[in-house]
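Asks: Take a look and give me a structure for this.
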Amino acid sequence: MQIKRLIVGIFLVLGCLSGAKAQFTYGTTGLLHAPSAEMQRDKTFMFGGGYLNSHATPARWNYNTWNYYLNITFFPWLEVAYTCTIFDEMRGKVHMKNQDRSFHGRLRLWKEGWWKPWTPQIVAGVNDFTTGAGEDYTHMGVEGDGNGYLNRYYLAATKHVEFHGKWGIHAAYVYNRRGKDKLNGPTFGVDYTFALPETSTLNKLVNGINLIAEYDSKYFNIGGKYSIWKDHINVVGELRECRYPSVGVYFKIHLK
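Replies: Model prediction:
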């Protein structure tokens, strides 16, 4: 109960206080659970992790857990990530403590504004596309209820608009062939980044805030990001189904 109160408190601070966002539930760039077509800068390295409410995880986890991830954008059009989600449960009289490992990739197909100023950016992505069957991670059979808990494929589009700050408008289609965590439908979301003029007394306080609302093909979620130090240290929080809190932190380094 104390942990839950702490998590809620941190999230409320984000809501009151609060670049491209890290989707800390997957370890990739995105919104909260819905994908987006935003990409990080070329040669961006990110690492982070967070506390995940059981409602923010696939059905395999019926308890609250933690994750951590490494992510690098090799080129402005290619991002890959490696994410671990912790198992910590009792199976009969045996205490099982392990981690689920997953790999993720995102490929930019079209850059925002390439043809006309109004054209959106388009990204194709895949999450958890291979399993550890045989311990070689070459088995692609992630259908059904076996490994590949975070598996999904998607095509996402994003358009940004400047209006008293920066708005991001996002839409995607997600798909997989899972059993308990089946996805097959549209997602959409919007985020807002404050951009007060330098003459404003609140400039330094609120210009690191990004607020997010989304529909992830199953649930409506709200959350936000607060950049503590020049986008290098970022705190993120969400309410899954607008009720269940999760929080995380990620660090971002530009290698180029």
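Asks: where along this protein do the strands fall?
Replies: Here the chain has its strands, by DSSP state E, at 22-23, 28-29, 44-52, 65-75, 78-91, 94-110, 121-127, 152-162, 166-175, 184-193, 209-215, 220-229, 233-240, 244-254.
Asks: Just want to check the distance between the residue of the chain most remote from its centre and residue 65.
Replies: Taking C-alpha atoms, centre = their mean, the residue of the chain most remote from its mean C-alpha position is residue 93, at 34.7 Å. Computed as C-beta to C-beta, to the nearest Å, the residue 93 to residue 65 distance reads 21 Å. Placement of C-beta: from N, CA and C, glycine included.
Asks: Could you do residue 224 as well?
Replies: 22 Å.
Asks: With residue 210 instead?
Replies: Using C-beta to C-beta, residue 210 is found at 25 Å from residue 65.
Asks: cool, residue 107 as well?
Replies: 29 Å.
Asks: do residue 33 as well
Replies: 16 Å.
Asks: before we move on, what about residue 153?
Replies: As judged by C-beta to C-beta, residue 153 and residue 65 stand 24 Å apart.
Asks: More neighbours: which of these two?
Replies: Each of residue 153 and residue 65 has its neighbours counted (other C-beta atoms under 10 Å); residue 65 has more, 22 against 16.
Asks: and that one, what is it in contact with?
Replies: 51, 52, 54, 57, 85, 86, 87, 88 (C-beta atoms under 8 Å, 6 or more residues apart in numbering).
Asks: and which of the residues you listed is nearest residue 77?
Replies: residue 85 (27.2 Å; C-beta to C-beta).
Asks: For burial, what's the neighbour tally of the closest one?
Replies: There are 25 residues near residue 85, going by other C-beta under 10 Å.
Asks: right, and it touches residue 50 too?
Replies: No. Contact criterion C-beta atoms under 8 Å: residue 85 and residue 50 do not qualify, at 10.4 Å.
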